[in-house]
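S.K.: Output the structure for:
(chains A, B, C and D)
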Protein chains: 4
Amino acid sequence: MVMKIPDLFRKLARGPQIITLKDAAIISAFTGVSPGDLVVDAGTGSGFLAIYLGNLVRPSGRLVSYEKRGDFAKLARRNVEKAGLGKYVEIKQKDIFEGIDEKDVDVITLDMPEPWHAVKHAKKALKDGGFLVGYVPTVEQVRQFVLECRKSGLKHEQTVECVVREMLVGERGTRPQTKGIMHTGYLTFVRK
Amino acid sequence: MVMKIPDLFRKLARGPQIITLKDAAIISAFTGVSPGDLVVDAGTGSGFLAIYLGNLVRPSGRLVSYEKRGDFAKLARRNVEKAGLGKYVEIKQKDIFEGIDEKDVDVITLDMPEPWHAVKHAKKALKDGGFLVGYVPTVEQVRQFVLECRKSGLKHEQTVECVVREMLVGERGTRPQTKGIMHTGYLTFVRK
Amino acid sequence: MVMKIPDLFRKLARGPQIITLKDAAIISAFTGVSPGDLVVDAGTGSGFLAIYLGNLVRPSGRLVSYEKRGDFAKLARRNVEKAGLGKYVEIKQKDIFEGIDEKDVDVITLDMPEPWHAVKHAKKALKDGGFLVGYVPTVEQVRQFVLECRKSGLKHEQTVECVVREMLVGERGTRPQTKGIMHTGYLTFVRK
Amino acid sequence: MVMKIPDLFRKLARGPQIITLKDAAIISAFTGVSPGDLVVDAGTGSGFLAIYLGNLVRPSGRLVSYEKRGDFAKLARRNVEKAGLGKYVEIKQKDIFEGIDEKDVDVITLDMPEPWHAVKHAKKALKDGGFLVGYVPTVEQVRQFVLECRKSGLKHEQTVECVVREMLVGERGTRPQTKGIMHTGYLTFVRK
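M.R.: As a prediction, this is how the structure comes out:
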């Protein structure tokens, strides 16, 4: 049987909390990540978002993921190798608040507690029309990130939350699942 | 400014009701559509799902979309050309209920009122581990599709609905949008 | 400290699954249960909906709850006494499918797997403008109940589901709860 | 046909934006408003929440609603009379920030932009175990209200939002409504 991204998400080693498939889906769709794109991601964590997006930019594109912690960077590199994406995904052990080395970036994703500190670097690194995405759990973080982006002259397109609810198709009838995930994080989309 | 998938979704010509970006996102993520994949889609409609998925399988993959109505097929072909995906996306004017010509297909998506009639063809065309996706608005359609898939020996992985809610970040505070889309369709994921 | 309905819901003895406070709230609001009303409820279960609505019809109204199982009726009677509502709430050990003894009823609530069998009795017992409410977990049950009501000449006003999501106000920010109840049951409101 | 609360909500005169039936429902259920209770409400607006709760405290209870604007107070009084609740509901033209005249209050509801200014008065007026409810649209208002309540020694029980989604039962199947109300306000429950 083929190994697909949803399979990988179940099998890779988990360190820090990983992004859900639904949120990775909305990030890639709302920014239009495509083959050939240059994507920058931070912080890497276990590397799941890097792997998800890195898979989509193949074969001519590239994903660079910034992670300041050595243990996370190592874990993520192992996961990238297991996913067979070593050629396309680079895990860089560096704090993104110190700057972004890449230029003309299509999409930058920030999965960290204080993404606003990376806004000025993101603005410089993005190509015109490129997207910056912030992924944070609280409303206060959303607000601080959006205000910083607006101050920097980036255009706030939208902030959304995505809820996926399962429908159970059983012998006794069809009904939504009783309990489930009600919140992971807010996704903020900003454009240069 | 670069033209990205989200931009395309706003600019292409619309005939029949089109799939939302959120649902296209969940379909691609939960099936792991990737560069190099062979994807079959039906019915084409305006071609938005074909374009969304066709963009992701580039450059070595291919998407074939079945549409029985000539006017829709024509409209979809124009949209595919505008999207610059003519090399990767083929719109085939044919009723998918009469059979699927492709073999070893990675993902098949069915956006039509009675997807259960295509299950036996889908089963034959899919590679092992490949995904079949049904996209229908009512619970009764979900049920009939799932039961037909189970009868055919395909594995029902899950049926979900995806709700995206916008958070407004305004001068007077942060709050969810007042009105919005509460339902588009149920997404059913089945695997060979 | 005073003992209020929300406190009671936490303290009463639980046998069969009890209705949630949110659903009891929507039932009472969408039917306008008020002091002086005559309300009929079935099946009683632990008696929580009977207690919730019985509390609201005081002092001149009355609630009669039908329960065919002796053990549930006994448990419910104990809960009614603990709630101090013995004067207003009567637990009747009888199958509602055999008929409703009361006349000119304001509101009838049915919390049971096959509420459609009680529709003809409910129609006879309700006053003009009175409400019949069905509370069931699956979509198939909703449909069968609504179709039976329409066939009987009752007016289907609406079927709804109610989702309550908690917002956590913590030191590190404000955010929705991570996990929670995504579905309890559908509430169908029908009127004579 | 009898005139019930849901009918009244459709027929009364509307000035300022009125509370939805779902939110009135959750407020009454989560605070356990009952016959005999003394309830204080502010600001009155069109008087819908006053009427909803005033109807439930009959005949031995009472609701007093504070409204500083004369035009709103007048409109609300007319609505109270039309609802036949003149004996139980008093509309007081007074700014609640200047104090609450009532003592031993069971429930206080605040539907206004800056409810935190009323917290110290509410604390004095509430009986032990009594509830204070804040109803505001933005997260920032929720936070400021909750923090002020905690500072005052009141116990924050929970903040929730309530979403009601309609299921359409049509000839072609059963499905959730396409568009609808996604947000009205957050309900904060605090207890003395």
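
S.K.: can you pull out the strands in chain A?
M.R.: Taking DSSP state E as the test, the strands found in chain A are A:38-42, A:62-66, A:89-92, A:105-110, A:126-136, A:155-170, A:173-176, A:179-181, A:186-191.

S.K.: Check which helices and strands the third one sits against.
M.R.: Packed against strand A:89-92, as judged by 3 or more C-beta pairs under 8 Å, 6 or more residues apart in numbering or on different chains; DSSP states H and E, are the following elements: helix A:48-57, strand A:62-66, helix A:70-82. (Glycine included, C-beta is placed from N, CA and C.)

S.K.: anything in the shortest one near chain B?
M.R.: This points to strand A:62-66. No. For strand A:62-66, no contact with chain B is found by C-beta under 8 Å from any C-beta of the partner chain; the gap never falls below 13.0 Å.

S.K.: next one: the longest one
M.R.: No. Using C-beta under 8 Å from any C-beta, we find that helix A:70-82 stays clear of chain B, coming within 14.9 Å at best.

S.K.: Can you give me the buried ones in that helix?
M.R.: Neighbour-count burial for helix A:70-82 flags A:72-73, A:75-77, A:79-80, A:82 (criterion: 16 or more other C-beta atoms under 10 Å in any protein chain shown).

S.K.: out of those residues, which one sits closest to chain D?
M.R.: A:F72 (30.5 Å; C-beta to the nearest C-beta).

S.K.: Isn't that closest one up against A:F48?
M.R.: No. A:F72 sits out of contact with A:F48 when judged by C-beta atoms under 8 Å, with a separation of 11.6 Å.

S.K.: sorry, back to before: tell me which of the strands of chain A sits nearest to D:T184.
M.R.: strand A:155-170 (16.9 Å; C-beta to C-beta).

S.K.: send the alpha carbons of that closest one over as PDB?
M.R.: What follows is strand A:155-170 as a C-alpha-only set of coordinates in PDB (Å, rounded to 0.1, in the frame of the first residue of the first chain):
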ATOM      1  CA  LYS A 155      -2.500  43.400   4.200                       C
ATOM      2  CA  HIS A 156      -4.600  41.300   6.700                       C
ATOM      3  CA  GLU A 157      -6.700  39.100   4.500                       C
ATOM      4  CA  GLN A 158      -8.500  37.100   7.100                       C
ATOM      5  CA  THR A 159      -8.300  35.200  10.400                       C
ATOM      6  CA  VAL A 160     -10.200  31.900  10.500                       C
ATOM      7  CA  GLU A 161     -10.700  28.900  12.700                       C
ATOM      8  CA  CYS A 162     -11.500  25.600  11.100                       C
ATOM      9  CA  VAL A 163     -13.700  23.000  12.800                       C
ATOM     10  CA  VAL A 164     -13.900  19.500  11.400                       C
ATOM     11  CA  ARG A 165     -16.800  17.400  12.700                       C
ATOM     12  CA  GLU A 166     -17.100  13.700  12.000                       C
ATOM     13  CA  MET A 167     -20.400  12.100  11.000                       C
ATOM     14  CA  LEU A 168     -20.800   8.500  12.200                       C
ATOM     15  CA  VAL A 169     -22.600   6.200   9.800                       C
ATOM     16  CA  GLY A 170     -23.700   3.400  12.000                       C
END
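
S.K.: List just the nearest of the buried residues of helix A:70-82 to C:F189.
M.R.: Using C-beta to C-beta, A:N79 is the member of the buried residues of helix A:70-82 that lies nearest C:F189, at 51.1 Å.

S.K.: got the contact list for that closest one?
M.R.: A:12-13, A:46-48, A:51 (C-beta atoms under 8 Å, 6 or more residues apart in numbering or on different chains).

S.K.: per-residue confidence at the residue of chain A positioned farthest from its centre?
M.R.: Largest separation from the mean C-alpha position in chain A: A:R172, at 39.0 Å (C-alpha atoms, centre = their mean). A:R172 is assigned 89 on the pLDDT scale.
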